[in-house]
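Novice: here is a sequence together with a model predicted from it:
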Amino acid sequence: MQFVDEASIIVEAGKGGNGCLSFRREKYVPKGGPDGGDGGHGGSVYLIGDDALNTLIDFKYQRFYKAQNGQPGQGRQMSGRAGDDLHVKVPVGTTVIDEDTLEVIADVTEIGQVVLVAQGGRRGLGNIHFKSSTNRAPRRTTPGTEGERRNLRFEMKVMADVGLLGQPNAGKSTLIRSVSAAKPKVANYPFTTLVPNLGVVKIGQHEHFVMADIPGLIEGASDGAGLGLRFLKHLTRTRLLFHVVDVAPFDESDPVAAAEAIVHELGQFSPTLAERPRWLVLNKLDLLPAEERETVADEIVRRLDWDGPVFRVSAISGEGTGALVQAAYRWLTEQRQLENEDEEAAEREREMRRRMEGEAVARTEARLGRKRKRDDEDDDDFDDDDYDVEVEYAP
Ligand SMILES: Nc1nc2c(ncn2[C@@H]2O[C@H](COP(=O)(O)OP(=O)(O)OP(=O)(O)O)[C@@H](O)[C@H]2O)c(=O)[nH]1
Ligand SMILES: [Mg+2]
């Protein structure tokens, strides 16, 4: 299956039906008067959130969505039929953007959520409406109005509570494998993960949260290096980030420099996302001799000048990962409780999400703008934004 998280489509509502010009003609009824009926309203286009979908692939094949026109009115006072509305299913997690104004029209985050994206045209009136004491045979009708037409862009982001951030090969996929049923590919080379993976982390019998594993980031990602920043948008819906750091990189590079580069790229993508709660997860401690673990970990924390939460784990053996996910679950629960009880906290959270959304849209626009320019220049129709790979979504 192809993973597609961006798509552009055109939606067009139906035109309103014209009003009818007609006069009653019957035997023995001279000058029967106007009897032209109204047209029907044009159908509107709505989006509806659907949890059975987790990719925007369908929108790569069908890009034009039109609702039905209203029928014109007829004689004998008959109104035209209204055009049927069109309901287009989109995955839960889709942000809907007006491609011309770059305005975020809606964020579809719930199953069954309905968003009007193109208003149907208004019906025209038949001449029956224009009869008056001075004009008993009106020839006036009104036409139906055009349906709204819009260029839309969809950006789908996975719905997760915790997002994994880190360099390629840091052990993000290994971590998600160790704490959930998700089984993304793990290998000892960078860029093993090419698309986001979701894992459900079960804490108790009924307690769980969702974790997202995204492709690794490298220095210069904001200028397009590696897979660039395009997958960072998937972290804008999470509440908590785990910054996974390999404490013993096999090429003996400096873990601190690597971690700082990631934070820099994060800020380039979205300053607001960089302000979100982030926990440092020092991984691969098993590669260090037992007596060195403490000092190496402390040294990294000190050099990073990090004063937030720190966890030391070995994703491969599972050591320390239980404590990590339990702490995350507790934190998420407290956070939700706080937002339920405190309207100000809830509003702060919504405001941050709006800001991240705006920053992510601006970033995507800059990237697509560059790509459009490149396409114009070299006329190469290979679309490097599509990945023909397997996506794994654990139930
Ligand atoms: N010794 C040891 N190796 C680990 C640990 N975690 C991950 N690895 C190894 O590190 C390599 C990279 O792990 P991945 O989980 O694929 O890393 P990733 O961060 O998902 O990498 P990308 O998908 O390329 O961004 C693999 O060979 C893993 O087996 C760990 O805790 N200890
Ligand atoms: Mg990976």
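Specialist: Sure, I can see it. Ligands and ions are numbered 1, 2, ... in the order given.
Novice: can we go C-alpha only for contacts and neighbour counts from here?
Specialist: OK.
Novice: for ligand 1, what are the nearby residues on this protein?
Specialist: 167-174, 186-188, 190-193, 215-216, 283-284, 286-287, 314-316 (Cα under 6 Å from any ligand atom).
Novice: for PyMOL, what selects the buried ones among these?
Specialist: Written as a PyMOL command, the selection of buried residues from the residues of the chain next to ligand 1, which uses 16 or more other Cα atoms under 10 Å, is:
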select buried, resi 167+168+169+170+171+172+173+174+186+190+191+192+193+215+216+283+284+286+314+315+316
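Novice: in helices only, show me the residues of the chain next to ligand 1.
Specialist: Members of the residues of the chain next to ligand 1 lying in helices (criterion: DSSP state H): 172-174.
Novice: so how far is the helix or strand of the chain with the lowest mean pLDDT off the chain centroid?
Specialist: Using mean pLDDT, DSSP states H and E, helix 343-378 stands out as the lowest-scoring helix or strand of the chain, at a mean of 83. With Cα atoms, centre = their mean, to the nearest Å as the basis, helix 343-378 stands 11 Å off its chain's centre.
Novice: who are the packing partners of it?
Specialist: Using 3 or more Cα pairs under 8 Å, 6 or more residues apart in numbering; DSSP states H and E, the elements in contact with helix 343-378 are helix 255-269, helix 271-275, helix 321-341.
Novice: relative to helix 343-378, how tilted is the last one?
Specialist: Counting by axes from the mean of the first three to the mean of the last three Cα atoms, to 10 degrees, helix 321-341 points 110 degrees away from the direction of helix 343-378.
Novice: pull up the residues of the protein that are close to ligand 2.
Specialist: 173, 193 (Cα under 5 Å from the ion).
Novice: rerun that using 6 Å as the cut-off
Specialist: Neighbours of ligand 2 within the chain, by Cα under 6 Å from the ion: 172-173, 186, 192-193, 215.
Novice: in TSV: the residues you listed, plus pLDDT.
Specialist: Shown next, in TSV, are those (pLDDT from 0 to 100):
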residue	pLDDT
Lys172	93
Ser173	93
Val186	85
Thr192	79
Thr193	78
Pro215	84
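Novice: residues touching Ile262, list them.
Specialist: 166-167, 217-219 (Cα atoms under 8 Å, 6 or more residues apart in numbering).
Novice: cool, Gly126 as well?
Specialist: For Gly126, the contacting residues are 18-21, 35-39, 73, 140-142, by Cα under 8 Å, 6+ apart.
Novice: pretty sure Gln167 is touching Val245, no?
Specialist: Yes. Counting by Cα atoms under 8 Å, Gln167 touches Val245, with 7.3 Å between them.
Novice: intersection of neighbour lists for those two?
Specialist: Taking Cα under 8 Å, 6+ apart as the criterion, Gln167 and Val245 both touch Ala259.
Novice: find the nearest non-adjacent residue to Gly358, please.
Specialist: Val104 (7.6 Å; Cα to Cα, 6 or more residues apart in numbering).
Novice: repeat for Lys233
Specialist: Nearest non-adjacent residue to Lys233, counting by Cα to Cα, 6+ apart: Ala360, 6.0 Å away.
Novice: bridged to the most centrally placed residue in the chain, which residues?
Specialist: For the chain, the residue nearest the mean C-alpha position is Met156 (2.8 Å; Cα atoms, centre = their mean). When assigned by DSSP bridges, Met156 has beta-bridge partners Thr94.
Novice: quick check: the gap between the residue in the stretch 1-150 of the chain positioned nearest to ligand 1 and ligand 2.
Specialist: Nearest residue of the stretch 1-150 of the chain to ligand 1: Phe3, at 15.8 Å (Cα to the nearest ligand atom). To ligand 2, Phe3 is 16 Å away according to Cα to the ion, to the nearest Å.
Novice: what of Ala221?
Specialist: Ala221 is 16 Å from ligand 2, where distance means Cα to the ion.
Novice: residues touching that residue, list them.
Specialist: Here Ala221 is in contact with 227-229, 265 (Cα under 8 Å, 6+ apart).
Novice: just the buried members of the residues you listed?
Specialist: Here, 16+ other Cα under 10 Å leaves 227-229, 265 buried among the contacts of Ala221.
Novice: so for those, which is the shakiest by pLDDT?
Specialist: Lowest pLDDT among the buried ones among the contacts of Ala221: Gly228, with 70.
Novice: where does that one land in three-state SS?
Specialist: coil (DSSP: H, G, I helix; E, B strand; the rest coil).
Novice: that one - nearest residue in space that isn't next to it in sequence?
Specialist: Ala221 (4.2 Å).
Novice: same thing with Gln77?
Specialist: Of all residues not flanking Gln77 in the chain, Gly37 sits nearest, at 4.3 Å (Cα to Cα, 6+ apart).
Novice: sorry, back to before: top of the contacts of Ile262 by neighbour count?
Specialist: Most neighbours among these, by other Cα atoms under 10 Å: Leu217, with 28 neighbours.
Novice: list the contacts of it.
Specialist: Going by Cα under 8 Å, 6+ apart, Leu217 touches 165-168, 226-229, 262, 265.
Novice: Asn169 now?
Specialist: 187-192, 216, 246.
Novice: apply 7 Å and report the result again.
Specialist: Listed by Cα atoms under 7 Å, 6 or more residues apart in numbering, the contact partners of Asn169 are 188-190.
Novice: likewise Gly36?
Specialist: 19-23, 73-77, 126-128.
Novice: got the end-to-end distance for stretch 203-221?
Specialist: In stretch 203-221, first residue to last residue: 34 Å (Cα to Cα, to the nearest Å).
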